[in-house]
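Engineer: structure, please.
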Amino acid sequence: MSIILQSTVGGFSAQFMRKLPLVEQAMREHGLEPSEFVISKDYASTATIPIMGPFFFSYSVFFGEETFTVTEPNDMVFLDYFLKRVLASDGPPELPRRPGLMRRLFGWMAEAV
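Structural biologist: Numbering: from 1, shown residues only. Predicted coordinates for the structure are as follows:
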């Protein structure tokens, strides 16, 4: 099964729907079951200029007892953000360690003149 999609603003874009199976496959590869996720799309705010409509959408993602909401300008920006969250590791990223002062000093002294 796939991710459950809900929208109060007319659905998701065709490009979003074409890319969604790839995101679901990435989820499965990372041990996540897409059918446990619900994505809801709503207007983020009321229109500041009535004839133009709102500029941003609010995307809420529900899974298990967890939820998060982001505000993005369109479906594809949201999907890219969601994919990055799916692919992110659970722990903090390892930062490369810079050599200490003594190691740099000895390295400098060991260089040929």
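
Engineer: which helix or which strand is home to the closest residue in space to residue 75 that isn't next to it in sequence?
Structural biologist: Nearest residue to residue 75 in three dimensions, chain neighbours excluded: residue 16, at 3.8 Å (C-beta to C-beta, 6 or more residues apart in numbering). From N, CA and C alone the C-beta is placed, and that goes for glycine too. Element membership for residue 16 (DSSP states H and E) is helix 14-29.

Engineer: can you list the buried residues in the next helix or strand after that helix?
Structural biologist: Scanning forward in sequence from helix 14-29 by DSSP H and E, the next helix or strand is strand 37-43. By 16 or more other C-beta atoms under 10 Å, the buried positions in strand 37-43 come out as 37, 39, 40, 41.

Engineer: please spell out which residues along the helix or strand following strand 37-43 are buried.
Structural biologist: With elements assigned by DSSP H and E, the helix or strand that comes after strand 37-43 is strand 57-63. Using 16+ other C-beta under 10 Å as the test for burial, strand 57-63 gives 57, 58, 59, 61, 62.
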